[in-house]
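>>> Sequence and computational prediction follow.
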Amino acid sequence: MLDLELLRSFVSVVEAGGFTRAGERVHRTQSTVSQQIKRLEEDVGQVLLHRDGKDVRPTEAGERLLSYARRLLTLAEEARDVLREPDSEGAVRLGIPEDFAAYRLAKLLGAFSRSHPGLRLDVRADQSKNLSRDLDRGELDLALFKREAGAKGAIAVWPEKVHWVTSKSHPVDVNASSVPLIGFPLGCLYRAGAIHALESAGRAWHMSYSSSSLAGIQAAVAAGMGLSILSEMSIQSDHRVLTAKDGFAPINRTEVALMAAPDASPATLRLADRLAEFCENVQAKAA
């Protein structure tokens, strides 16, 4: 049996990046947290943390334990909440892409929470590759994410419209010898699609701006720092859409998929129904 208090200290050390800050989070002294980590390492028979002065980072074994520790702590917290409140519907961990979070989805989720006061909703906006991975790992109950069109397995899927965009006020020279690209970090579906389209057309390219923030990418495009690929709902008034007439190859088709964990709770499935209705309405308005 793994001690939840030891796991909580371990997660806090990793997230805080050190024993002192972790101690403040779990209301323990630095020495107590250090002793707890030592006990946990003895329990599992593995070194879990690299200690380099004040810097602390997980070992390979620590990385493997980290996701399990988070899941165990979440499950324990959910169990306590259910027992404290017999009418509780538990918790739903939802993952959504950032452009959906910035769109109208926040209003839908707020309304859903108000209509289900016994439900604890935990929403995380992230890159689609991370959301898909965490759903597979059991760290999410429900996820709305982007993927290449035609993949199997989902509650529902919707085709997505994406476009090349440049600045309306400071357009990039589309005939430049090397196309400056703006995008999310490595692994992003849009970034991979942009690079594939350019290389298929024999065009040279370079990354001019990379950000994990949608707002940062939108601002960089508007400032004329480069070209990017954005979903239709993310294109702003200070952006200009580029077409095949401007000399750019079409982008591989993508889709938005809604997927739930195999053991999804009734509350999770009710939220899935609401999200499916939301995406259907977005598609109908875009048609």
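Looks like it came in fine. Numbers count the residues shown, from 1 in each chain.
>>> So in the protein, which helix runs the longest?
helix 60-84 (DSSP state H).
>>> What is that one packed up against?
Applying 3 or more C-beta pairs under 8 Å, 6 or more residues apart in numbering; DSSP states H and E, one finds that helix 60-84 contacts helix 4-16, strand 90-96. Using the backbone N, CA and C atoms, a C-beta is placed for each residue, glycine as well.
>>> Try it again at 10 Å.
helix 4-16, helix 30-44, strand 49-52, strand 55-58, strand 90-96, strand 119-125, helix 128-137 (3 or more C-beta pairs under 10 Å, 6 or more residues apart in numbering; DSSP states H and E).
>>> Tell me what angle it forms with helix 128-137.
Relative orientation of helix 60-84 versus helix 128-137 (axes from the mean of the first three to the mean of the last three C-alpha atoms, to 10 degrees): 70 degrees.
>>> list the buried ones in the host helix or strand of Leu269?
Using DSSP states H and E, Leu269 falls within helix 266-286. Neighbour-count burial for helix 266-286 flags 267-268, 270-272, 275, 278-279, 282 (criterion: 16 or more other C-beta atoms under 10 Å).
>>> Likewise for stretch 47-60?
Quick answer for stretch 47-60 (16+ other C-beta under 10 Å): 48-49, 56, 58.
>>> what about it, distance to the chain center?
Remark: stretch 47-60 is offset 25 Å from the chain centroid, using C-alpha atoms, centre = their mean, to the nearest Å.
>>> first to last residue in it, what's the distance?
Criterion C-alpha to C-alpha, to the nearest Å; first-to-last residue distance in stretch 47-60 is 9 Å.
>>> Pass me the low-pLDDT residue ranges in the stretch 1-150 of the chain, would you?
Confidence mapping of the stretch 1-150 of the chain against pLDDT under 70 gives the ranges 81-89, 101-103.
>>> For the residue nearest the centre of the chain, give me its contacts.
Central residue of the chain (C-alpha atoms, centre = their mean): Asp126, 1.7 Å from the mean position. Listed by C-beta atoms under 10 Å, 6 or more residues apart in numbering, the contact set of Asp126 reads 95-98, 101, 132-134, 140, 143, 145, 212.
>>> repeat for Arg270
89, 92, 112, 115-116, 119, 264.
>>> gap between it and Ala222?
39 Å (C-beta to C-beta, to the nearest Å).
>>> So what's the residue count around Ala61?
Using other C-beta atoms under 10 Å, Ala61 has 15 other residues around it.
>>> Thank you kindly, that will do.
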